[in-house]
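In: Sequence and computational prediction follow.
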Amino acid sequence: MKMSLSTAEDDSASEIHLPADIDWEMLDKSKFFFLGAALFSGVSATLYPVVVLKTRQQVAAAQIPCRKMAVSILKTEGCRGFYRGFGTSLTGTIPARALYMGALEMTKSNVGTATVRLGFSDAAASAIANAAAGLSAAMAAQLVWTPIDVVSQRLMVQGSHSNSSSNSNSNSVGLKRYNGGIDAFRKIICSYGVRGLYRGFGISIVTYAPSNAVWWASYSVAHRLLWGCIGCHGCKKDDGGYRPDGKAVVAVQGVSATLASGVSALVTMPLDTIKTRLQVLDGDGTERRAPTVRQTVRNLVKEGGFSACYRGLGPRWASMSMSATTMITTYEFLKRLSTKNQPGISHCVDRGYKNS
């Protein structure tokens, strides 16, 4: 029997039939992964310039305003500067997303079913299932994503060399020069071995796993609260009760995602800055010696105090909010496109609403 994780709890909201929750067993897996790769590649391309800005701010030896940096990139490197390393990033995004989505849906379905059987309420089961799903998905994706992240971020900051003459602090950040993703991959392997590709893996797990757990749990809670506040507004009444229209559904998903990502970005920003520096910067003149977490933190504090850990917060917050909003709406759309035409669920999915 399919569990319900999307029905409102109070009496007024119980008349509102929210979109049907589509679990792992209801999906056509080949369609799900193929369409997902195409849709999320487009999302990545749209948001990539913001990620480049965030990364360059994090590795800069001095605070540089986001707008000033964007203008500098445009003047010295053109539009291509905002897409340095994109090919490498896209190559890793596809398998990483596949692992992420697979782990997310399987965990959410299994944990959700288990929590409902244990007697948890729908709201509690939803929050627990989403938190567990976000945690396992982040850990699975990092196995593929960390090496790609190390290479693509090093390519992102290549243009920092061109500004060394205009910024006296830029030559102190210890950046290397690479001729594309393959060259970067080869040089990292030669200098540091396979461990070099997994530099920052531990702190990536520490950053992204709890962050994803908090994000998905927060999203679940925010989603319910917003529908509770909205009530019947934005809904159409029919014989079965109130049903939200498509615009209301997308709006609630977007706002919920933005609220969840705002808290997540603020809490995990220092760890993300440390992770980025560990992955991008090399030791002071020692070819085979990677900087430690302690050295990285010490250098950040020396450069600008504790606030230096929050360099790039604006672009990261914007990137996470836009990415989360786009991701969740695209993800829900993807799940509906990928639903199997099975007796008993097709009617519910075609209408887009859960029968009470």
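Out: Perfect, thanks for sending it.
In: alpha carbons only for contacts and neighbour counts from here, please
Out: Fine.
In: contacting residues for Ala124?
Out: By CA atoms under 8 Å, 6 or more residues apart in numbering, the contact set of Ala124 is empty.
In: wait, what's in contact with Phe40?
Out: Per CA under 8 Å, 6+ apart, neighbours of Phe40: Met327, Thr330.
In: so which helix or strand takes in it?
Out: Following DSSP states H and E, one finds Phe40 within helix 29-59.
In: Mean confidence (pLDDT) on that helix, please.
Out: Across helix 29-59, the average pLDDT comes to 84.
In: Find the nearest non-adjacent residue to Val144, please.
Out: Ala96 (5.6 Å; CA to CA, 6 or more residues apart in numbering).
In: ok, back up a step: which of the residues in the helix holding Phe40 are classified as buried?
Out: Across helix 29-59, burial judged by 16 or more other CA atoms under 10 Å covers 29, 31-33, 35-37, 39-41, 43-44, 47-59.
In: Also stretch 132-144?
Out: In stretch 132-144, counting by 16+ other CA under 10 Å, buried: Ala132, Ala133, Gly134, Leu135, Ser136, Ala137, Ala138, Met139, Ala140, Ala141, Gln142, Val144.
In: looking at this, Phe120 is in a helix?
Out: No: counting by DSSP: H, G, I helix; E, B strand; the rest coil, Phe120 falls outside a helix, being coil.
In: Might you report the residue contacts of it?
Out: Here Phe120 is in contact with no residues (criterion: CA under 8 Å, 6+ apart).
In: and the gap between it and Gly102?
Out: According to CA to CA, to the nearest Å, Phe120 stands 25 Å off from Gly102.
In: ok, now Trp215?
Out: In terms of CA to CA, Trp215 sits 18 Å off from Gly102.
In: Ser338 now?
Out: 13 Å.
In: And for Ala62?
Out: Applying CA to CA to Ala62 and Gly102 gives a distance of 40 Å.
In: just Phe34 next, same as before
Out: Taking CA to CA, one finds Phe34 at 12 Å from Gly102.
In: swap in Ile128?
Out: Taken as CA to CA, the span from Ile128 to Gly102 is 18 Å.
In: May I have the phi/psi pair for the closest residue to Pro49 other than its chain neighbours?
Out: Spatial nearest neighbour of Pro49, excluding adjacent residues (CA to CA, 6+ apart): Phe82 at 4.7 Å. Dihedral angles of Phe82 (phi, psi; degrees, to the nearest 10) stand at phi -80, psi -10.
In: Let me know the pLDDT of Phe82.
Out: For Phe82, the predicted pLDDT is 93.
In: Please apply the same query to Lys68.
Out: On the pLDDT scale, Lys68 gets 90.
In: can you check Val111 too?
Out: 92.
In: Buried residues in the helix or strand hosting Ser204, which are they?
Out: Using DSSP H and E, Ser204 sits in helix 201-230. Neighbour-count burial for helix 201-230, counted by 16+ other CA under 10 Å, picks out 201, 203-224, 227-228.
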